[in-house]
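Chemist: Pasting the sequence and the predicted coordinates here, then a few questions.
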Amino acid sequence: MTSVMPPASTPHTDKLSTDLPCHLCGYDLRAHPQDGKCPECGASVAESRRLAAIPIRPAWRDSDPRWRRRMLAGAWILALLPLLQTLTAFEWTSDLHVPNVFGFPGTLRLDETFLCSMSVYESLIFCIGVVLLFSKERGRQCARLDWTRRWGVACSYIVLLLSAAPILFISALVVVGIAALLQSMPLKYQPKVTHLFVQVGWVYLHYGPQPNNYAGIVLVAFSSIAILFACVPLFNALRSSGPKWVAMILLAPLVSFSLTNLARAGLSCLSISSLTSAEVLSLEVYFRPYLLVSYFAVVHRYLYVPGFELGAFLVEATKWCIVLAIAIWLSIVQLAAWRQGRKTSGAGKENRREEIRNSL
């Protein structure tokens, strides 16, 4: 007696062999029809199937092109952090002219701008580079660590605000002085903006970040957290373009340095650290490009490096070499993806031409 197998059992078994979690609650929907609903939360099965078809981690050449460009730009911007310190060390800033936006008489040199004072360049470049690394990637499934993107961007903006605290504090004092001058006038001659000057100056001096040690410690903490969170998108970019273990080894020093800076900032805030406040505040925005430049520059006497030692230089050199290696790595794979895209596009055009010839 021969046994008859149902003809639909084999394809049905193949369909059931693949898990289909609900995109809202995670319930297994593999036995439910396409037009069905999740028995737990009522979500659409068709939507869960659509989202399940999206890759968890696409390859670099198949990922979002806008995300790839922004990741590459962010890595190279961070690699340019030592640029201004190099120009300053070799006295090239006095020979470089910048656009005269406000129409001041004469030419405006680079060393006469805010970029060369109060670490404006480092904090601005840090914020731009890190925010670009947190760009949203389309065409992949949501991951567990996607929450770091929002908090990483917030930490970067806080770093920029705290770095600008000395400049904003001076500006607030100027606004308060103008308000006091206007208030010294008779009431009928006071302009309408007097109250605005008073409010703006008083609010910043009362609630704004102050250029003190605690503001510097908070700056060190938030910059370290921003880099710690930035390692997540960097890891995603590196593992989509190469072996995962290489990405882990490359990013491990950045993570360890971030945790070390956080520990130093916390101990200094609790006044139980052996480091002085100047040594903790010298960590600034995670990167310290002046340590790199001061070691190689010929004119050491023009640079003041607090607590300079060989160990600190090696740490900073490791950070910068890692960022540079990541930028070069992503540039190579981006060039390879571009060439592959051109070949694919050329092959598609040739196939279309061949189809047109055959049709004729």
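Modeler: Noted; the coordinates are in hand. Model, not experiment: these values are computed from the prediction.
Chemist: Relative to residue 154, how far out is residue 239?
Modeler: Distance check for residue 239 against residue 154: by CB to CB, to the nearest Å, it reads 25 Å. C-beta here means a position set from N, CA and C on the backbone, and glycine is covered the same way.
Chemist: Residue 256 too?
Modeler: From residue 256 over to residue 154 the distance is 23 Å, taken as CB to CB.
Chemist: Could you do residue 164 as well?
Modeler: According to CB to CB, residue 164 and residue 154 sit 16 Å apart.
Chemist: Pass me the low-pLDDT residue ranges in the stretch 101-250 of the chain, would you?
Modeler: Low-confidence segments of the stretch 101-250 of the chain, defined by pLDDT under 70, span residues 101-106, 118.
Chemist: er, the stretch 251-360 of the chain I mean
Modeler: Along the stretch 251-360 of the chain, the model assigns pLDDT under 70 to residues 273-281, 296-309, 345-360.
Chemist: Quick check on residue 256 and residue 154: which one has the bigger neighbour count.
Modeler: In terms of neighbours (other CB atoms under 10 Å), residue 154 is the more surrounded of residue 256 and residue 154; the figures are 15 against 12.
Chemist: The more buried one sits in which helix or strand?
Modeler: Following DSSP states H and E, the helix or strand that holds residue 154 is helix 147-163.
Chemist: all strands of this structure, in order?
Modeler: For the chain, strands defined by DSSP state E occupy the ranges 97-98, 108-109.
Chemist: Let's have those in CSV, adding mean neighbour count and distance to residue 73.
Modeler: As requested, the strands of the chain are exported to CSV (neighbours: other CB atoms under 10 Å; distance: least, CB to CB, whole Å):
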stretch, mean neighbour count, distance to residue 73
strand 97-98, 12, 22
strand 108-109, 14, 27
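Chemist: looking at those strands, which is closest to residue 286?
Modeler: If you check each of the strands of the chain against residue 286 by CB to CB, strand 97-98 wins as the nearest, at 26.7 Å.
Chemist: Give the rounded mean pLDDT of the closest one.
Modeler: Averaged over strand 97-98, pLDDT sits at 72.
Chemist: Other residues contacting that strand?
Modeler: For strand 97-98, contacts defined as CB atoms under 8 Å, 6 or more residues apart in numbering pick out 107, 108, 109, 110, 113.
Chemist: In this structure the first one contacts residue 96, no?
Modeler: Translated: residue 107. No - under the criterion of CB atoms under 8 Å, residue 107 makes no contact with residue 96, lying 10.3 Å away.
Chemist: between those two, what contacts are shared?
Modeler: When contacts are counted by CB under 8 Å, 6+ apart, residue 107 and residue 96 have no shared neighbour.
Chemist: What does the pLDDT read for residue 51?
Modeler: With respect to pLDDT, residue 51 has a value of 68.
Chemist: swap in the one 10 residues further on?
Modeler: On the pLDDT scale, residue 61 is placed at 84.
Chemist: returning to what we had before: if you count neighbours, what's buried in the helix holding residue 154?
Modeler: Within helix 147-163, the residues that qualify as buried by neighbour count (16 or more other CB atoms under 10 Å) are 148, 149, 152, 153, 155, 156, 158, 159, 160, 161, 162, 163.
Chemist: Need the residues you listed in CSV (columns: distance to residue 343).
Modeler: Putting the buried residues of helix 147-163 into CSV (distance: CB to CB, whole Å) gives the following:
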residue, distance to residue 343
148, 36
149, 33
152, 36
153, 36
155, 41
156, 38
158, 45
159, 42
160, 42
161, 47
162, 48
163, 45
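Chemist: That concludes my questions; thank you for your assistance.
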